[in-house]
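1. predicted structure and sequence below. I'll ask about it afterward.
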Amino acid sequence: MILRIDRLRTIREQRGLSQRELARLCGIGETQINKYETGLSDPNVESLKLMAKELYVSTDYLLGITDDPRGHFGDGQLDEDERIIVNTYRRDGWPGVIHLGAERLSK
């Protein structure tokens, strides 16, 4: 497995996470995140999935298989509002989607 270390670091920083914060969210050691970002080690499949989930990107994006961070959702099947709903659900579950809907209806 060849992790795109530039993408891992960039997306982590864009999300405003430190290596320590990402490690905590994923249940991975901070040293291990540093090894991934410096290319000293590649993550196992489970760690890759956890990082992709916490960073809201696809594993394919972190591996360089696709240039679209959304992976298969980037093929134009979802419009912008649909992507917002999906990302909100992934991040906050149904309560987040309900809150988002309430916000949109009050506008």
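-> Thanks, I have the structure now.
2. mind checking pLDDT for Gly74?
-> Looking at Gly74, its pLDDT is 51.
3. repeat for Leu3
-> Residue-level confidence at Leu3 comes out at 89, pLDDT.
4. check Arg91 too.
-> Listed pLDDT for Arg91 reads 87.
5. and for Glu82?
-> The score at Glu82 is 85. That number is its pLDDT.
6. okay, now the unreliable bits of the chain?
-> 1, 72-76 (pLDDT under 70).
7. in this structure, which spans are helices?
-> Along the chain, counting by DSSP state H, helices occupy 5-14, 19-26, 30-38, 45-55, 59-63, 80-105.
8. comparing those helices, which comes out most buried?
-> helix 59-63 (a mean of 19; mean count of other CB atoms under 10 Å). No exception for glycine: its C-beta is placed from N, CA and C like everyone else's.
9. and Leu40, what is it in contact with?
-> Applying CB atoms under 8 Å, 6 or more residues apart in numbering, we find Leu40 in contact with Asn34.
10. nearest to Pro69 among the helices of the chain would be which one?
-> Go through the helices of the chain one by one with CB to CB and the one that ends up closest to Pro69 is helix 59-63, at 4.7 Å.
11. so which of the helices of the chain gets nearest Gly71?
-> Evaluated with CB to CB, those place helix 59-63 nearest to Gly71, the distance being 4.8 Å.
12. check the offset of the closest one from the chain's centre.
-> Centroid separation between helix 59-63 and its chain, computed with CA atoms, centre = their mean, to the nearest Å, is 10 Å.
13. pull the CA atoms of that helix into CSV?
-> Included here for helix 59-63 are C-alpha records, laid out as CSV according to Å, rounded to 0.1, in the frame of the first residue of the first chain:
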residue,chain,number,x,y,z
THR,A,59,-9.4,5.8,1.2
ASP,A,60,-8.9,5.9,-2.6
TYR,A,61,-8.0,9.6,-2.2
LEU,A,62,-5.4,8.9,0.5
LEU,A,63,-3.9,6.2,-1.7
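14. from here on, count from 454
-> Let's use 454 as the start, then, which means that last one is helix 512-516.
15. so which elements touch it?
-> Counting contacts by 3 or more CB pairs under 8 Å, 6 or more residues apart in numbering; DSSP states H and E, helix 512-516 is packed against helix 458-467, helix 498-508.
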